[in-house]
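Novice: I'll drop the sequence and a predicted model, then ask my questions.
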2 protein chains.
Amino acid sequence: METHKKLVLGIFGFGVVGEGLYKVLNQTPSLNAVIKKVCIKNGIKKRNAPAELFTTDRNILLNDPEINVIVEMIDDADAAYEIVKTAFINGKSVVSASKKMIAEHLPELLELEQKTGASFLYEAACCASIPVIRNLEEYYDNDLLHSISAVVNGSTNYILTKMFEEKLSFKNALLQAQQLGFAESNPVLDVEGYDALNKWTFLLTHAYGILPKTGDIVFTGIQSVTAEDAQQAEKKDCVIKLVASAKKLKNGKVAAYVLPHFVKKDDQLAFIKNEYNGVVIESSFADKQFFYGKGAGSLPTASAVLSDISALRYHYKYEYKKLHHHKPNELSSDFYVKAYVGFTDWNHIRKDDFESIEEWHSNEQINYLVGIIHFDKLKNSTWWKKTNVSLILTADPVIESLDIVKLKKRSLELAGFSGGYSLS
Amino acid sequence: METHKKLVLGIFGFGVVGEGLYKVLNQTPSLNAVIKKVCIKNGIKKRNAPAELFTTDRNILLNDPEINVIVEMIDDADAAYEIVKTAFINGKSVVSASKKMIAEHLPELLELEQKTGASFLYEAACCASIPVIRNLEEYYDNDLLHSISAVVNGSTNYILTKMFEEKLSFKNALLQAQQLGFAESNPVLDVEGYDALNKWTFLLTHAYGILPKTGDIVFTGIQSVTAEDAQQAEKKDCVIKLVASAKKLKNGKVAAYVLPHFVKKDDQLAFIKNEYNGVVIESSFADKQFFYGKGAGSLPTASAVLSDISALRYHYKYEYKKLHHHKPNELSSDFYVKAYVGFTDWNHIRKDDFESIEEWHSNEQINYLVGIIHFDKLKNSTWWKKTNVSLILTADPVIESLDIVKLKKRSLELAGFSGGYSLS
């Protein structure tokens, strides 16, 4: 019964995660994993571990034949890519938490992984402590997965929670998130949706066997969401979340995006508050499962890294079945969405883009419309990403066919709604 | 890249789940699985499938060399055991949803599974649509799992929800559950905790590598929970749930039980309402994950069965790593719990069993105490299971050491609480 593999680790980075790993592995000999060497940037800093553990030369780790696993949790995506590539070529397996690097380089890394037979695990890179990659990979078969929607960025979720619960402005909520360490001092990557986009890019590989480029996915962040938008959400018994979503369409293709979203207060996504993450998976027979946990921070990240290390003892690797064994899926933008758009000036809105406008309000306090727009129009334009325009999808926004829509448009025209503001 | 195994299925049972499976497999040829034969009890009944699909002779399925997977979802645990045993011996893999059978026969079945090399999957048997077995098996390593607590029985959870939200009596809530199909016409198995106990028995195998007998686990149901108990819970800002729990103690052993429990309203378990199930897993670095979904019913069950079938195409089997590769774990009853006990007559309570009583109230409307009791005392007595006594663990009830307790006892004595009712 000997399938236990002895793991000798080389670690890149010794921040709180790295140090936590070091402690736990020391205290848990049954894990059968030891850290042989840690590569750090700053060789002078005092560390809570013997000095001989450390080096600033990455080749000492990468060229050590005894080290069979590289654990890499560094911020620099380009450096991380070089490290992982070399590790594979040198016959080592890799545990990674570098979402940006994975989003940008997964195709090349998969090719290399297949050639070298190495294992590449990265559960920590998306939703940290929630084992979403493992479940998509192992449990939710392609043909059984109807949709997946998720809150994958804790910073933006913290900000939105505070805007709702404490009626803070976006600015003050962001400030509070930064003070508490839930947002970076440069929050652009989180706030404008880049972090969620990176995670969603490779999540789509595990969910549907698609290998998209980040540029293929329509996305934005919460930078334009205002206290007024939050009020409108409240009136509709909703909260606002930055939702990453993917859904199998009737044409067999996949609709995917990362966009702000109205979420009904009794929806499971609304349960996800503050810095938490959560994933709702809808599988065959239309049943929903909900996975919830901490999505970032040192401890949840370390917990995911540890589970990956533990799995390597049993030679586990992602098989990317949906990519290799199934008819490949592809993204589609051939569908419509119903969206709320808040604005300060009607001229910022490209009204011709809408198939129909079902609702609009305009007064000194609040300007918004609710309309139906083809997804291609969002994909091929940027007006809705500009300052002073906040596009927020409605709850259950995807519309595959237009028949009902035409009827509604007609009914609105009949009701005289297009009178004041010409729609065409 | 050919690891796709063609599955030829023999199905036992053609209720809603079986019929649903039949439809989905017909509609999804990419799943590469066909149903060759279905064994039913009642051969006369009209079915929504060709007559030649059916037989009442189980040997026609079990002896067909072309059938490589038996899917068995029948109620009779003894018959199910015979079917699974024969299937293994005849070289077939098995997907099962028979929790009682698994709870009672897992040790023998594991032995047989190892001998024959068959695969035995049963995700549908616990929490149906929530992939809890798969996650415990693959993701939460023994040494990284601190605790797991769960609501695993939908009927009792429905009843408790109605007792809280609509202030129904236990009787009326049960009646409503029966009318809606969330409880059996003979509800004893659910209501008195047997169903949850069965599920917890084999969940402990996947969580901690323990193979307990059902008799090893302290349990009861919700049959004695009263509207007055619910009121007391409300006062403590709690709800009552039937909680299945397991926790690693400092002595390295595992504390496990299935008991009614006060649950703080902001606890994740309190989010689980009506017929839903949910699991909270606490892993290394003290982080909590929450898994939530439908735990019973034809559709969630079919969804879990389908995922198991799909996994068999890739030769998946549970490896029972925690049982085979780790130092075996064992159950312990060497700890204390803090419990609320509602009662009608003080004489029904075996007061000497308590180490200390921190609180008691007695008047015409309500009689209850809150005290600390050694778990062995619960294990070796039945007074707390009798009618008119409702033992409900407090939130966070497990106490490993007694020092603080002694102090509290002393403080109560000093305060004169033991005056009216002698404690020893």
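Specialist: Cool, the structure landed.

Novice: any regions of chain A where pLDDT drops low?
Specialist: A:1-4, A:285-286, A:326, A:404-424 (pLDDT under 70).

Novice: what is the neighbour count of residue A:386?
Specialist: Using other CB atoms under 10 Å in any protein chain shown, the number of residues around residue A:386 comes to 12. Backbone N, C-alpha and C define where each C-beta goes, glycine included.

Novice: so how far is residue A:228 from it?
Specialist: Using CB to CB, to the nearest Å, one gets 17 Å for the distance from residue A:386 to residue A:228.

Novice: what do you get for residue A:202?
Specialist: Per CB to CB, residue A:202 is found 35 Å from residue A:228.

Novice: ok, now which ones touch whatever residue of the stretch 101-250 of chain A ends up closest to chain B?
Specialist: Per CB to the nearest CB, residue A:141 is where the stretch 101-250 of chain A lies closest to chain B, at 4.0 Å. In this structure, residue A:141 makes contact with B:31, B:306, B:307, B:310, judged by CB atoms under 8 Å, 6 or more residues apart in numbering or on different chains.

Novice: could you redo the last one with a cut-off of 10 Å?
Specialist: Counting by CB atoms under 10 Å, 6 or more residues apart in numbering or on different chains, residue A:141 makes contact with A:283-284, A:321-322, A:326, B:28, B:30-31, B:306-307, B:309-311, B:313-314.

Novice: repeat for residue A:128
Specialist: Neighbouring residues of residue A:128 by CB under 10 Å, 6+ apart: A:97, A:152, A:154, A:277, A:293-305, B:287, B:289.

Novice: part of a strand, is it?
Specialist: No - checked against DSSP: H, G, I helix; E, B strand; the rest coil, residue A:128 lies outside a strand; its state is coil.

Novice: how close does it sit to residue A:297?
Specialist: Distance of residue A:128 to residue A:297, computed by CB to CB: 7 Å.

Novice: so for residue A:202 and residue A:228, which sits in the more crowded spot?
Specialist: Higher neighbour count among residue A:202 and residue A:228: residue A:202, with 23 against 15, using other CB under 10 Å.

Novice: need the phi and psi values for that one.
Specialist: When read as degrees, to the nearest 10, the backbone of residue A:202 gives phi -90, psi -20.

Novice: try residue A:71
Specialist: With angles defined as degrees, to the nearest 10, residue A:71 shows backbone torsions of phi -110, psi 120.

Novice: can you give me every residue that contacts it?
Specialist: For residue A:71, the contacting residues are A:7, A:9-13, A:17-18, A:21, A:33, A:35, A:38, A:61, A:87, A:93-97, A:121, A:124, A:305-306, A:308-309, A:312, by CB under 10 Å, 6+ apart.

Novice: mind listing which of those are in strands?
Specialist: A:7, A:9-12, A:33, A:35, A:38, A:93-96, A:121 (DSSP state E).

Novice: now, the most widely separated pair of those residues?
Specialist: Largest separation among these by CB to CB: A:38 and A:121, giving 19.2 Å.

Novice: what residues does the stretch 101-250 of chain A have near chain B?
Specialist: Proximity of the stretch 101-250 of chain A to chain B, by CB under 10 Å from any CB of the partner chain, involves residues A:123, A:127-131, A:134-135, A:137-144.
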